[in-house]
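Colleague: Fold the stuff below for me.
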Amino acid sequence: EPLTVERLQGWQASLFPTGYSGMHRIRVGQWRGEEPMRVVSGPVGRETVHFEAPPAERIDEEMAHFLAWSNESRGTMEGLLRAAVAHFRFVTIHPFEDGNGRLARALTDMAIAQDDRQRIRSYSLSSQIMAEREAYYNILERCQKGDGDITEWLTWFLGALARAITRSETLLSVVLDKAAFWRLHGHLPLTGRQRKVVNRLLDAGRGGFEGGLTTRKYASIAAVSRATAFREMSQLVEWGVIRQAAGKGRSVSYELVWP
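Modeller: Residues are numbered from 1 along each chain as shown. Alright, predicted model coming up:
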């Protein structure tokens, strides 16, 4: 299905069903109005303009060019570069009063989906962009103020995509490790407190807690006395869930026994 003005405006309207963004009434399902669209910072009277979108009277023309390019470039341009260019062009036009960033990320996801044709994708570029939003805004500003060369943006975008994939692989590894652990130990009669501490260890990954699990840390996480913590940890050692890692006496620490 081709990308059209109607689809885009419908998507933007669905983001603001009440017609409000926070406490402010905005234009929904239509391009922004005549008021200049600027990204600024700093005190009143000494503002720094980081970006100024094209004036409202140019939006129809700019979006017509963008939509024609988006529909015609499908299948004729390397998919990831097409997604990066689509994101940059759309967010630079900034056609709506609000919701431009979310729609740019949605268009990016759509362009990637059109390229890889995977029904399920384990990584989220949108989440990665939000996690790196300061760097994202900085690179956009530099390229939007430049001479039209967006190589730096393309490089950053592809790097963010690689980091999103690595991040998803790490999260997936943690999920699989937790599943394997509970398949092995799910039959044990752990208390709710023991299960809470074990899950914290699982969430910490194979590196575990810094300094290992101590009686003091167990007592803090489980909200119990140190005597109760020592007793419950001793049970976990007996069941083969944790083992001594380092130290002696009061300085002893423990680590999870991974499957």
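Colleague: Run the chain-centre distance for the lowest-mean-pLDDT helix or strand in the chain.
Modeller: Lowest mean confidence among the helices and strands of the chain (mean pLDDT, DSSP states H and E): strand 38-41, at a mean of 79. When C-alpha coordinates are averaged (CA atoms, centre = their mean, to the nearest Å), strand 38-41 and its chain have centres 24 Å apart.
Colleague: Any buried residues in the following helix or strand past it, and which?
Modeller: Sequence order places strand 48-52 as the next helix or strand after strand 38-41, per DSSP states H and E. Residues His50, Phe51 are the ones in strand 48-52 that count as buried (16 or more other CB atoms under 10 Å). C-betas here are computed from N, CA, C, even on glycine.
Colleague: Does anything pack onto strand 48-52? Which helices or strands?
Modeller: strand 38-41, helix 133-144 (3 or more CB pairs under 8 Å, 6 or more residues apart in numbering; DSSP states H and E).
Colleague: Can you name every helix or strand that the first one contacts?
Modeller: The one in question is strand 38-41. So strand 38-41, by 3+ CB pairs under 8 Å, 6+ apart, packs with strand 48-52.
Colleague: Distance from the chain centre to the strand it packs on, please.
Modeller: In terms of CA atoms, centre = their mean, the centre of strand 48-52 is set 25 Å apart from its chain centre.
Colleague: what angle sits between it and helix 133-144?
Modeller: Comparing the axes of strand 48-52 and helix 133-144 via axes from the mean of the first three to the mean of the last three CA atoms, to 10 degrees yields an angle of 70 degrees.
Colleague: For Arg142, list the residues it contacts.
Modeller: Glu152 (CB atoms under 8 Å, 6 or more residues apart in numbering).
Colleague: One more: Gly42?
Modeller: So Gly42 contacts Thr48 (CB under 8 Å, 6+ apart).
Colleague: for Ala160, same thing?
Modeller: Per CB under 8 Å, 6+ apart, neighbours of Ala160: Leu125, Gln128, Ile129, Glu132, Tyr136.
Colleague: Find the nearest non-adjacent residue to Trp11, please.
Modeller: Leu103 (6.1 Å; CB to CB, 6 or more residues apart in numbering).
Colleague: wait, doesn't the one you found sit right on His94?
Modeller: No. Between Leu103 and His94 there is no contact under CB atoms under 8 Å: 10.1 Å.
Colleague: any idea how far Val91 is from Asp147?
Modeller: 18 Å (CB to CB, to the nearest Å).
Colleague: In terms of neighbours, single out the busier of the two.
Modeller: Val91 (21 against 6; other CB atoms under 10 Å).
Colleague: Please enumerate the strands of this protein.
Modeller: For the chain, strands defined by DSSP state E occupy the ranges 20-21, 24-25, 38-41, 48-52, 242-246, 253-256.
Colleague: Switch the ones you listed over to a markdown table; also include distance to Asp115.
Modeller: Output for the strands of the chain, formatted as a markdown table (distance: least, CB to CB, whole Å):
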| stretch | distance to Asp115 |
| --- | --- |
| strand 20-21 | 32 |
| strand 24-25 | 37 |
| strand 38-41 | 30 |
| strand 48-52 | 28 |
| strand 242-246 | 46 |
| strand 253-256 | 40 |
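Colleague: Which of the ones you listed sits closest to Arg200?
Modeller: For the strands of the chain, the distance to Arg200 is smallest for strand 253-256, at 9.9 Å, taking CB to CB.
Colleague: Now do that closest one: which elements does it pack against?
Modeller: Helices and strands touching strand 253-256, by 3+ CB pairs under 8 Å, 6+ apart, are helix 192-204, helix 226-238, strand 242-246.
Colleague: Return the member of those having the minimum mean pLDDT.
Modeller: Set side by side, the helices and strands packed on strand 253-256 give their lowest mean pLDDT on strand 242-246, at a mean of 89.
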